[in-house]
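[1] sequence unknown, structure follows:
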């Protein structure tokens, strides 16, 4: 299990959390997603190599900005 | 066409807007819903009598607070 942390801007509520979590979970290899609305940090656990770019794209497709 | 304005707390994003709009539009008689996220004001246009209580219930069921 590998873990990637992504800093995201614009997530405000549980709907946002669900949108981001759902989009990331559609990526092959993503096992678990934890979103902290207060900090904007998204922790993604994967069981194989998933590029951070693919994760960032999935998040941005939902309308949020990836900071780092 | 009658119009009712409801003041709601807790709506933060477009998902919230859609959740509230969708819930209100399910009420028989509701024709149009306009949500202003900045002010929290929800304008509901109806083509027959719809109680404000029914509207408030629909909004609260989505997890928001009706202020007035």
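    On my side now, so go ahead. A quick note: this is a predicted structure, and the numbers were derived from the prediction, not measured.

[2] name the helix or strand for residue A:19, please.
    helix A:14-25 (DSSP states H and E).

[3] leaving out chain neighbours, which residue sits closest to residue A:2?
    residue A:46 (5.1 Å; CB to CB, 6 or more residues apart in numbering or on different chains). For the C-beta atoms, the positions are set from N, CA and C on the backbone; glycine is no exception.

[4] strands along chain A, start to end?
    Using DSSP state E, the strands found in chain A span residues A:2-9, A:30-36, A:41-46, A:65-66.

[5] contacts for the second one next, please.
    Spelled out, it's strand A:30-36. A:1, A:11, A:16-17, A:20-21, A:24-25, A:41-47, A:50, A:55 (CB atoms under 8 Å, 6 or more residues apart in numbering or on different chains).

[6] swap in stretch A:58-68?
    Contacts for stretch A:58-68 (CB under 8 Å, 6+ apart): A:6-11, A:16, A:19-20, A:23-24, A:26-27, A:40, A:42, A:56, B:14.

[7] buried residues, it. List them.
    Going by neighbour count (16 or more other CB atoms under 10 Å in any protein chain shown), the buried part of stretch A:58-68 is A:58, A:59, A:62, A:64, A:66.

[8] nearest residue to the last one in space, please, no chain neighbours.
    Leaving out its chain neighbours, the residue that sits closest to residue A:66 by CB to CB, 6+ apart is residue A:56, at 4.3 Å.

[9] before we move on, the earlier item: so for the helix holding residue A:19, mean pLDDT?
    Summarised as a single mean, pLDDT over helix A:14-25 is 97.

[10] which positions in that helix come out as buried?
    A:15, A:16, A:17, A:19, A:20, A:21, A:23, A:24.

[11] got the angle for it vs strand A:30-36?
    Calculated by axes from the mean of the first three to the mean of the last three CA atoms, to 10 degrees, helix A:14-25 forms an angle of 160 degrees with strand A:30-36.

[12] which one of the buried residues of helix A:14-25 is nearest chain B?
    Using CB to the nearest CB, residue A:15 is the member of those that lies nearest chain B, at 3.1 Å.
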